[in-house]
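Engineer: sequence? don't have it. structure:
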């Protein structure tokens, strides 16, 4: 397990497991578009299942340029109509002022029976500054996808209200460690291998993830999945 983002261990771990499960059961296809790819955190999950993968992101993306094949807006991708089998779009839709603009573009790009794997945040703080425009309930997300012509096959909550409570509570602590790190000019203080940061920020999240595997806690957490960190949706284009 990696701790590149110490404040998001719960959500990143759960999303990674969901991506692994989906692509391992997917089979094989020609082309996947990772739309808003960033550093391509799910590359190892999907790459073995496609002949070609394409990473698309903004020209001013702060992520490594070697991961990005196409520079474009998510609502205007320079690829032909019906040229992609699967589109993976993670944590992008909330930054689009008019969400339907992205959904229409994805519909244009997908081949008939193509699949859209989409993730969105729900109970999380503003992450992308002035670009962060939307939060979607499970019902709002299903409405947007259905209105756009998709058949929604799955809508999976990422964590629950317990996971949200832990995630939100460790973020101020993590910010405090960042302030201390900058004040003392010691970057290692803000790293996960700082024992104090590990105990106060990462350890509570690991406890949650561990108990989530136990039958008693699994059932308890499931009863509170109406308030998740976000959602992963699997949708299909039928026409």
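Structural biologist: Looks like it came in fine. Everything numeric in this text was worked out from a predicted model, so none of it was measured. Numbering: from 1, shown residues only.

Engineer: for this structure, which helix is longest?
Structural biologist: Ranked by residue count under DSSP state H, the longest helix found in the chain is helix 161-184.

Engineer: quick one: the helices in this structure?
Structural biologist: With DSSP H as the criterion, the chain has helices spanning 9-24, 43-46, 99-109, 138-147, 161-184, 195-197, 203-211, 215-222.

Engineer: not counting sequence-adjacent ones, nearest residue to the residue most central in space within the chain?
Structural biologist: Nearest residue to the geometric centre of the chain (Cα atoms, centre = their mean): residue 90, 4.1 Å. In space, and not counting its chain neighbours, residue 90 is closest to residue 119: 4.5 Å by Cβ to Cβ, 6 or more residues apart in numbering. Any C-beta I mention is one placed from the backbone N, CA and C, and that applies to glycine too.

Engineer: and the contacts of the longest helix of the chain?
Structural biologist: Helix 161-184 has contacts (Cβ atoms under 8 Å, 6 or more residues apart in numbering) with 6-8, 10-11, 14, 123-125, 159, 187-190, 194, 196-197, 200-201, 204-205, 208, 212, 221, 224-229.

Engineer: which of these count as buried?
Structural biologist: Taking 16 or more other Cβ atoms under 10 Å as the criterion, what is buried in the contacts of helix 161-184 is 6-8, 10-11, 14, 123-124, 159, 189-190, 194, 197, 200-201, 204-205, 208, 212, 221, 224-225, 227-229.

Engineer: still on that earlier bit, which parts of the longest helix of the chain are buried?
Structural biologist: For helix 161-184, by 16+ other Cβ under 10 Å, it's 161-167, 170-171, 173-174, 177, 181.
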